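Visitor: Okay, structure incoming, though there's no sequence with it:
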């Protein structure tokens, strides 16, 4: 079913060579398959590869469509972001269930990835179009490229189909340039380094609406081909191929896919919802000697980027630990970070998935003898704790009962000053955060007086908490966890690619 032209969809930029389309069954057979009970593989979601070349609209629309399709089959759905080539390897190896959208795989590619089977119903069709700033350029088919021998033609490299078709239909006198992505290709077009740019129409629509290109007079000079994009499944998920094809076909009849595309557009183009997070962590004003990001900046970056993937805009309010916690508890702000997970907090907050794993260690002065291996060893020392902070259950209980001596401050800054004055002997602080605070409040010579004990009090996960006083936060925490999941996959891919490209 062709979607209305008014619907602007951002799909995938990968297409492969043509392959024979599998024959379909009768409507009665499809309905029988659609409603037949399925034996679940396990309780985990069916995980597909989605290519990280796609836009936010593309990713969101695909997610909505597949969640609906698999829910009709009694499954949950999730996706991982991968580069184009890696996704094939992951799917073929069976580490994930399959691919969200690929064109026909030619025999040579199918031989290389023998464990992948194509679902016979395409999820969508995409047009390959030519973009230019020259109004005299018009194309209707691949052969039309030969009319423009003196023009440099750009295209997004990496797609087997585009590579092959350009070699087949381009003239020997022409110059072709493979851009790394759509944005780079459009920038080359806008700067007149190329005269034409070949790209999948759906992959470029929203980019042309960005401020960088909106006034550049780049226009669509015509389409050279139309390609269906199919789901692919690893063979161990072959029993899902026919049910999934039937469900996708039915969803097209019901116009569900069109509705999800429009919904994805509305979500992505809608103004970002603003989220306010209170925190007792302070952003440092002084850079670290090695120029590495501070502990706060690391955590804030994760929170900001994960929310951004789900179209939320974050601002932070800095208060004492106790004030930051109570503001969120009472619903005065949306949430707070960074906290342990406890039963009592579960009554007032929705917990994110873990943001970061860190050690809480005991800081002390180098000039004073301090050592411990078990809690009893701390009985001769005076601890400095932060009001409202929970550190570790046994340690907290010993402080509360008076078994361990302690003084309370409103923040870590106060405790480090008490360490320096001799009022306390040690203070438990997250390792990285402690050194950030010391560098921030003391001159370099004074900061050098502090150290920490190598034995951590505890290594634990820390979380973002969203207040249950705010009704929408149940959905917000789900969105955030989804963004966090994809952010972790994206960062893991970036790290691996960097390692592979390092000399």
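Guide: The structure has been received and is ready for your questions. Quick caveat: nothing in here was measured; it's all calculated off a predicted structure.

Visitor: C-alpha only now, for contacts and for neighbours.
Guide: Noted.

Visitor: Show me which residues of the regular element (helix or strand) spanning residue 246 are buried.
Guide: Under the criterion of DSSP states H and E, residue 246 resides in helix 241-253. By 16 or more other CA atoms under 10 Å, the buried positions in helix 241-253 come out as 241, 242, 243, 244, 245, 246, 247, 248, 249, 250, 251, 252.

Visitor: Residue 93: neighbour count?
Guide: Neighbourhood size, residue 93 [other CA atoms under 10 Å]: 17.

Visitor: Could you do residue 210 as well?
Guide: 10.

Visitor: do the same with residue 325
Guide: Close neighbours of residue 325, defined as other CA under 10 Å, add up to 25.

Visitor: Kindly confirm my reading that it is in a helix.
Guide: Yes: counting by DSSP: H, G, I helix; E, B strand; the rest coil, one finds residue 325 located in a helix.

Visitor: Need the pLDDT of the closest residue to it other than its chain neighbours.
Guide: Using CA to CA, 6 or more residues apart in numbering and skipping the chain neighbours, the partner closest in space to residue 325 is residue 336 (6.3 Å). Residue 336 is assigned a predicted lDDT (pLDDT) of 96.

Visitor: Quick check: what element follows the helix or strand where residue 336 lies along the chain?
Guide: Applying DSSP H and E as the criterion places residue 336 in strand 335-339. Using DSSP H and E, the helix or strand that follows strand 335-339 in sequence is helix 343-346.

Visitor: starting at the chain centroid, how far to that following helix?
Guide: 28 Å (CA atoms, centre = their mean, to the nearest Å).

Visitor: same question, stretch 304-319
Guide: 14 Å.

Visitor: what do you get for stretch 384-397?
Guide: Its chain's C-alpha centre and that of stretch 384-397 lie 34 Å apart, by CA atoms, centre = their mean.

Visitor: who touches it?
Guide: Stretch 384-397 is contacted from outside by 321-322, 325, 340, 360, 375, 406-412, 415, 418, 424-428, 457-458, using CA atoms under 8 Å, 6 or more residues apart in numbering.

Visitor: Out of the buried residues of helix 241-253, which is nearest to residue 315?
Guide: Nearest to residue 315 among those: residue 251, at 39.3 Å, using CA to CA.

Visitor: That closest one: what's it in contact with?
Guide: Contact analysis of residue 251 by CA under 8 Å, 6+ apart lists 69, 257.

Visitor: Also residue 467?
Guide: The neighbours of residue 467, taking CA under 8 Å, 6+ apart as the test, are 328, 329, 330, 331, 333, 334, 335, 348, 349, 350, 473.

Visitor: so the fifth one, which of the three states?
Guide: The one in question is residue 333. Criterion first, three-state DSSP; result for residue 333: coil.

Visitor: Would you map the helices across the stretch 151-300 of the chain?
Guide: Secondary structure of the stretch 151-300 of the chain (DSSP state H, counting those that start in this stretch): helices at 160-169, 182-190, 201-208, 211-214, 241-253, 256-269, 295-309.

Visitor: between those helices, which gets nearest to residue 57?
Guide: Residue 57 lies closest to helix 256-269 among the helices of the stretch 151-300 of the chain, at 5.5 Å (CA to CA).

Visitor: Measure how far that closest one is from the centre of its chain, please.
Guide: Centroid separation between helix 256-269 and its chain, computed with CA atoms, centre = their mean, is 19 Å.

Visitor: List the buried residues for that helix?
Guide: Buried, per 16+ other CA under 10 Å, within helix 256-269: 256, 257, 258, 259, 260, 261, 262, 263, 264, 265, 267, 268.

Visitor: Turn those into JSON lines, including pLDDT.
Guide: Converted to JSON lines, these look like this (pLDDT from 0 to 100):
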{"residue": "256", "pLDDT": "87"}
{"residue": "257", "pLDDT": "86"}
{"residue": "258", "pLDDT": "82"}
{"residue": "259", "pLDDT": "84"}
{"residue": "260", "pLDDT": "86"}
{"residue": "261", "pLDDT": "80"}
{"residue": "262", "pLDDT": "77"}
{"residue": "263", "pLDDT": "83"}
{"residue": "264", "pLDDT": "81"}
{"residue": "265", "pLDDT": "74"}
{"residue": "267", "pLDDT": "73"}
{"residue": "268", "pLDDT": "69"}
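
Visitor: will you turn those residues into TSV that also has distance to residue 313?
Guide: Shown next, in TSV, are the buried residues of helix 256-269 (distance: CA to CA, whole Å):
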residue	distance to residue 313
256	29
257	28
258	27
259	25
260	23
261	23
262	22
263	19
264	18
265	18
267	13
268	12
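
Visitor: Quick check: the two most widely separated of those residues?
Guide: So, the buried residues of helix 256-269 by CA to CA: farthest apart are 256 and 268, at 18.3 Å.

Visitor: Show me where the stretch 251-400 of the chain dips below the pLDDT cut-off.
Guide: Along the stretch 251-400 of the chain, the model assigns pLDDT under 70 to residues 268-271, 284-292.

Visitor: Apply 90 and report the result again.
Guide: Filtered on pLDDT under 90, the stretch 251-400 of the chain yields the residue ranges 254-274, 280-298, 300-302, 304-315, 317-323, 338, 340-344, 356, 386-393.

Visitor: between the contacts of residue 467, which has the most around it?
Guide: residue 335 (32 neighbours).

Visitor: Excluding chain neighbours, give the residue nearest to that residue in space.
Guide: residue 466 (4.0 Å).

Visitor: try residue 320
Guide: What sits nearest to residue 320 in space, not counting adjacent residues and going by CA to CA, 6+ apart, is residue 280, at 4.9 Å.

Visitor: okay, how far is it across stretch 448-462, tip to tip?
Guide: End-to-end span of stretch 448-462 (CA to CA, to the nearest Å): 28 Å.

Visitor: Could you tell me which ranges of the stretch 101-250 of the chain sit under the pLDDT cut-off?
Guide: For the stretch 101-250 of the chain, the stretches flagged by pLDDT under 90 are 101-110, 123-129, 134-136, 138-188, 190-196, 198-229.

Visitor: all strands in it, in order from the N-terminus.
Guide: For the stretch 101-250 of the chain, applying DSSP state E, counting those that start in this stretch gives strands covering 116-118, 124-132, 153-156, 176-179, 196-200, 219-234.
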